[in-house]
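Asker: Structure of the sequence below:
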Amino acid sequence: MIIDENKCFGCGQCMASCTVGSAIFFTRRNDSAVICQVDQEECLECGNCLRVVTCPGEAMSESESIHTYPRSVTKYFSDPRWTHPATQIPGRGTEEVKTNDVTGRIRRGQVGVALEFGRPGLGARFSDVEKVIIKLARLGVHFEENNPLTSLMDPETGHLDPQVLSTRVLSGILEIMIPIEKLDAVLETIREASSQVESVFSLDVICRMDPDGTIPVLDTLDRLGFAYRPNAKVNMGLGRPLFQEDSP
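Answerer: Okay, the predicted model is just below:
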């Protein structure tokens, strides 16, 4: 985001809408008039200030740099209106696993694990995210192909494109799929890596219920000391047939 100093009145309305709270600041022009400016290192190109605020001087606009890699990556992971070129869907992740009952992405005996890095007011740097990816890659996990993060990494090593390591985004989601037997090792690895990450991240564990109605991952979570909220998403399929898993 950029602000034309010749049009800005210095009203400060845009500052309150900044999702990181520090990218827009007051400064003085040569004639000592107070105006607003944007710290390009702090700005996440989320576009919230442009959407929420009607600038009285029409001084705000998006820089052409958002169309140029790697700055464009900041935009893709921070502005929910933008469609990511790798996934062809808006946002930072894939089609949500709450639709699993109609898509069948995760089968019985499998576990989906998602790590959601960053949050409004904080954000996350890909250099932090890479620390976790590298450790998980050593376990031979399957990275979700349609995830925007996967398009930036070497799935064999977990290394991200060096051009994006310093990039800061509002948030990003890492998604993997593993056999349930690997859950212990994956959770222990995530716990170890968490001490090296400066941002915050949340952990999602996704699975299908067993035929008897029990949730097969809860014993593992309890044994390893992971506090959890057994959130449930009831998806009616909007007329689509429920996924029927083949019998073994």
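Asker: Could you verify my assumption that Gly109 touches Lys182?
Answerer: No: with contact defined as C-beta atoms under 8 Å, Gly109 does not reach Lys182; the gap is 11.1 Å. Any C-beta I mention is one placed from the backbone N, CA and C, and that applies to glycine too.
Asker: So between those two, which is more surrounded?
Answerer: For Gly109 versus Lys182, the count of surrounding residues by other C-beta atoms under 10 Å is larger for Lys182: 19 against 14.
Asker: So the more buried one lies in a strand, does it not?
Answerer: No: membership of Lys182 in a strand is not supported by DSSP: H, G, I helix; E, B strand; the rest coil, which gives helix.
Asker: Quick check: chain neighbours aside, which residue is closest to it?
Answerer: Ranked by C-beta to C-beta, 6 or more residues apart in numbering and with sequence neighbours excluded, the top spatial neighbour of Lys182 is Leu139, at 6.6 Å.
Asker: So for the helix or strand harbouring Asp101, mean pLDDT?
Answerer: Asp101 is part of helix 100-103 when elements are defined by DSSP states H and E. In this model, helix 100-103 carries a mean pLDDT of 74.
Asker: With stretch 22-35 instead?
Answerer: 89.
Asker: What are the contacting residues of that stretch?
Answerer: With contacts defined as C-beta atoms under 8 Å, 6 or more residues apart in numbering, stretch 22-35 is touched by 1, 3, 5, 8-10, 12, 14-15, 18, 36-39, 42-44, 49.
Asker: Show me how far stretch 46-59 is from its chain's centre.
Answerer: With C-alpha atoms, centre = their mean, to the nearest Å as the basis, stretch 46-59 stands 24 Å off its chain's centre.
Asker: Name the surrounding residues that touch it.
Answerer: Stretch 46-59 is contacted by residues 1, 3-9, 11, 13-14, 16-19, 24, 36, 60-62, 75, 78-79, 81, 170 when judged by C-beta under 8 Å, 6+ apart.
Asker: Among the residues you listed, which are located in strands?
Answerer: Counting by DSSP state E, the part of those found in strands is Ile3, Ile24, Cys36, Met60, Ser61.
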